[in-house]
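Novice: the following comprises the amino acid sequence and a computationally predicted model.
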Amino acid sequence: MSKTAQKRLYKELTQLMKDSPAGIVAGPVSEDNLFLWDCLISGPPDSPYEGGIFNARLEFPRDYPLSPPKLLFTPSLLHPNIYPNGEVCISILHSPGDDPNMYELAEERWSPVQSVEKILLSVMSMLSEPNIESGANIDACILWRDNRAEFDKQVKASILKSLGF
Amino acid sequence: MSRKATVDEQIGSVTDPRDYRKTVIPELQDIDTLLRCNICKGFLKTPVLTPCGHTFCSLCIREYLNREQKCPLCLAELRESMLKSEFLVNEIAASYTKLRPKLLEFLNVEKGHQTQPVEDSSCMEIEHHLASSDRSISRINEENGDGDDDDIQIIETRENRPSKRPADAIFASAKKSRKESPQSGITSLFNRAKSPALHQPKLADCPICGKSFPVEVLQRTHLDECLSKEALDKPEDISSSPVTVKPALNPVSKELPTIEQPDFVSTTHYNRYLESTSNGSVTRLAKINFSSTSLQQLKQKLSSLKLPTAGSRQQMINRYNHYEMLWNSNYIDSIDPVDESELRRRLASWESNHNASDIPSKSGFISKFLIKNPMKDFKTDRFDRKGWAQAHQRAFRRLIREAKTSLKKSKKATSEHAGSLEQEDSTHLNQSVSSDLSAVPSNQLVARKDNITTCSQGSSET
């Protein structure tokens, strides 16, 4: 089972290395362990996150691709759909049987035909369009809805901080 | 170490549809993608068709259906019994997989030399032969008339060598494709690609008259002359039956049939398809409702299939489930099923793989249970609480016992040294933890700890 997972991860890796979508870099942390990846995601233009570069960690289960990987931003960032501990909460990362919130459509969730590339693209679109219906960080949700200027300001500040300014 | 080796092996074998991007026909990546299973991303192996019209590897989809009874692509309802095998796709994928490296190499080389004018093909083949003049066989058999020329000895004797030079591979693929589909369009395409050899600026002997010339000169003028003379001398129609002509020409021909035969036989995927029949003699293994099956019945079932009955109940259930999958995939879906002993061997290797996974040391049923149950969150419905309790029964009992004894001791401690109570208590706690540690291999414990942390995180988040 883990052999299948390794093979598939290799394939996805070679594919990503050949042409990864703009603004995304991803690969295993070390060659010994294919089940842990580091990703760099650049903030999409025309969003508060523009100009930022965010580091995230992908953790694949042993039975990947039957189960989805987990995505964790390190460090975490202020976003309605990212838990304070950095874990990303989007439907593509939830397997169909596992719906703690009972609102996600089955067709938006994980299935083995999805891929790392699709996950990272979904994360990009999540950054440009937060979904406050399914908030993971309630404070961020409220801030985003009620005081967008302050939200943008806080995000900008954290981006500058992360870039060392 | 051995794991590392297999990983390296896999790096080498990873193929990707985008390999075609840099070739002359980038559109081929579409076909390449279509012939892959969407679950494992490898080429379809024993493909099966769902009622919703999608195709996956038999084992991939069966494994997925064990947890989610839906088509991974369109999410339509799907049961294992609805799967139908696709012999045709199986043969297409198999034959394509075999052809792919040659095709790719061929198209890749061609791109770099696209501008090279197409020349008389026989000339190029000889040229090509000259470029690789380290070959032991120097005899060339060429003919000119209809452009369907061949250099059979070289092709046939080199084709199965493990370390092929690229040029050899190109040559071989040209030869092979001609054998399979003797259409002039494809032939000319392949012939055209032989031009790269021309670019190597070196001297070469003319095989006909034996004199040395720069390659360029040989190809453009000299060979033409030599050849037309030669062709007039011995016109032979090799293309009509290369196998029969070759022995007459080649001194090492005795070996040839044996070398060529297996290759020839294995490439006839069409015949295999024509001969394919669904296997009616072996019946499908049924799924078992384990909750209403006693341990005794389970063991009986396993031993009737000649499977080992060792391990925990959960282990036996996993074993049966996986074997059932292998069995049905093999006897129901496969175009040429292997026998039971091979299935048992696969099961055994799966089990050892499954247990070892990424954790270096030997691991027992707990880690196996963890791997089998990716739903690490206690909060979800699909978390197998009963299985968890069973798997950890021993550890739980031990913890209870430890807690009881430490409680007694701490009571004593309160009465005797009320002051040092806290310290005492913590040592007991440490003791109980460490004894638990020794009882369970450390890697499992780590896994368990992870599990517990994820679980507590999960609950704190929601």
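Specialist: Now that the structure is in, tell me what you want to look at.

Novice: all helices for chain A, in order.
Specialist: In chain A, the helices defined using DSSP state H lie at A:2-18, A:116-128, A:138-146, A:148-162.

Novice: closest to B:Ser304 out of these?
Specialist: Evaluated with C-beta to C-beta, the helices of chain A place helix A:2-18 nearest to B:Ser304, the distance being 28.9 Å. Glycine gets a C-beta too; all of them are placed from N, C-alpha and C.

Novice: for the closest one, C-alpha coordinates in CSV please.
Specialist: Provided in CSV are the C-alpha atoms of helix A:2-18 (Å, rounded to 0.1, in the frame of the first residue of the first chain):
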residue,chain,number,x,y,z
SER,A,2,2.7,2.4,0.9
LYS,A,3,4.5,1.3,-2.3
THR,A,4,1.6,2.5,-4.3
ALA,A,5,1.7,5.8,-2.4
GLN,A,6,5.4,6.2,-3.0
LYS,A,7,5.1,5.6,-6.7
ARG,A,8,2.2,8.0,-7.1
LEU,A,9,4.0,10.6,-5.1
TYR,A,10,7.0,10.3,-7.4
LYS,A,11,4.9,10.8,-10.4
GLU,A,12,3.3,13.9,-8.9
LEU,A,13,6.7,15.2,-8.0
THR,A,14,8.2,14.7,-11.5
GLN,A,15,5.1,16.3,-12.9
LEU,A,16,5.4,19.3,-10.6
MET,A,17,9.1,19.6,-11.4
LYS,A,18,8.4,19.6,-15.1
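
Novice: do that helix and chain B meet at all?
Specialist: Yes: interface with chain B: helix A:2-18 contributes A:2-4, A:6-8, A:10-12, A:14-15, A:18 (C-beta under 8 Å from any C-beta of the partner chain).

Novice: out of these, which end up buried?
Specialist: For these, a burial check counting by 16 or more other C-beta atoms under 10 Å in any protein chain shown picks out A:2-4, A:6-8, A:10-12, A:15.

Novice: in chain B, where's the longest helix?
Specialist: Longest helix of chain B, by residue count under DSSP H: helix B:87-112.

Novice: using JSON lines, please lay out the helices of chain A together with distance to B:Thr55 and mean pLDDT.
Specialist: Putting the helices of chain A into JSON lines (distance: least, C-beta to C-beta, whole Å; pLDDT from 0 to 100) gives the following:
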{"stretch": "helix A:2-18", "distance to B:Thr55": "17", "mean pLDDT": "83"}
{"stretch": "helix A:116-128", "distance to B:Thr55": "20", "mean pLDDT": "90"}
{"stretch": "helix A:138-146", "distance to B:Thr55": "42", "mean pLDDT": "89"}
{"stretch": "helix A:148-162", "distance to B:Thr55": "45", "mean pLDDT": "89"}
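
Novice: mind listing what's buried in the strand or helix carrying B:Lys408?
Specialist: According to DSSP states H and E, B:Lys408 maps onto helix B:393-416. Residues B:395, B:398, B:402, B:406, B:410, B:413 are the ones in helix B:393-416 that count as buried (16+ other C-beta under 10 Å).

Novice: check stretch A:114-130 too.
Specialist: Buried, per 16+ other C-beta under 10 Å, within stretch A:114-130: A:114-117, A:119-124, A:126-127, A:130.

Novice: contacting residues for the residue nearest the centre of chain A?
Specialist: The residue lying closest to the centre of chain A (C-alpha atoms, centre = their mean) is A:Val123, at 4.4 Å. Contact analysis of A:Val123 by C-beta atoms under 8 Å, 6 or more residues apart in numbering or on different chains lists A:41, A:56, A:71, A:88, A:90.

Novice: with A:Ser162 instead?
Specialist: A:Ser162 makes contact with A:52-54, A:75, according to C-beta under 8 Å, 6+ apart.

Novice: quick one: which of the residues you listed is most hemmed in?
Specialist: The residue in the contacts of A:Ser162 with the most neighbours, by other C-beta atoms under 10 Å in any protein chain shown, is A:Phe54 (23 neighbours).

Novice: run a quick neighbour tally on the closest residue to that one other than its chain neighbours.
Specialist: Leaving aside its sequence neighbours, A:Phe54 sits nearest to A:Ile41 (C-beta to C-beta, 6 or more residues apart in numbering or on different chains; 5.0 Å). The number of residues packed near A:Ile41 is 22, by other C-beta under 10 Å.

Novice: chain B versus A:Ile41, what's the distance?
Specialist: To chain B, A:Ile41 is 22 Å away according to C-beta to the nearest C-beta, to the nearest Å.

Novice: assess the claim that that residue and A:Leu120 are in contact.
Specialist: Yes: using C-beta atoms under 8 Å, A:Ile41 is in contact with A:Leu120, at 6.4 Å.

Novice: so for the two, which residues contact both of them?
Specialist: Common neighbours of A:Ile41 and A:Leu120 (C-beta under 8 Å, 6+ apart) are A:Ile24.

Novice: which residues of the stretch 201-350 of chain B lie near chain A?
Specialist: Checking the stretch 201-350 of chain B against chain A by C-beta under 8 Å from any C-beta, the hits are B:Trp350.

Novice: show me what residue of the stretch 201-350 of chain B gets nearest to chain A.
Specialist: B:Trp350 (7.5 Å; C-beta to the nearest C-beta).

Novice: which parts of chain A sit against chain B?
Specialist: So chain A meets chain B at A:1-4, A:6-8, A:10-12, A:14-15, A:18-19, A:32-35, A:61-63, A:65-67, A:83, A:85, A:87, A:95-98, A:100, A:106-107, A:111-113, A:136 (C-beta under 8 Å from any C-beta).

Novice: returning to what we had before: pull out the buried positions in the longest helix of chain B.
Specialist: Neighbour count says helix B:87-112 has B:87, B:89-96, B:99-100, B:102-110 buried, by 16+ other C-beta under 10 Å.

Novice: repeat that for stretch A:86-100.
Specialist: Buried, per 16+ other C-beta under 10 Å, within stretch A:86-100: A:86-96, A:98-99.

Novice: one more: stretch B:77-89?
Specialist: Neighbour-count burial for stretch B:77-89 flags B:78, B:80, B:82-83, B:85-87, B:89 (criterion: 16+ other C-beta under 10 Å).

Novice: which of the helices of chain A sits closest to B:Gln69?
Specialist: helix A:2-18 (19.9 Å).

Novice: what helices or strands is the closest one leaning on?
Specialist: The contact analysis (3 or more C-beta pairs under 8 Å, 6 or more residues apart in numbering or on different chains; DSSP states H and E) places helix A:2-18 against strand A:24-30, strand A:33-42, helix A:116-128, helix B:2-13, helix B:340-356.

Novice: could I get the ones you listed as JSON lines with distance to B:Thr50?
Specialist: Written out in JSON lines, the entries for the helices and strands packed on helix A:2-18 read as follows (distance: least, C-beta to C-beta, whole Å):
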{"stretch": "strand A:24-30", "distance to B:Thr50": "31"}
{"stretch": "strand A:33-42", "distance to B:Thr50": "29"}
{"stretch": "helix A:116-128", "distance to B:Thr50": "21"}
{"stretch": "helix B:2-13", "distance to B:Thr50": "27"}
{"stretch": "helix B:340-356", "distance to B:Thr50": "24"}
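
Novice: could you tell me the least trusted of the ones you listed?
Specialist: Mean pLDDT is lowest for helix B:2-13 out of the helices and strands packed on helix A:2-18, coming in at a mean of 50.
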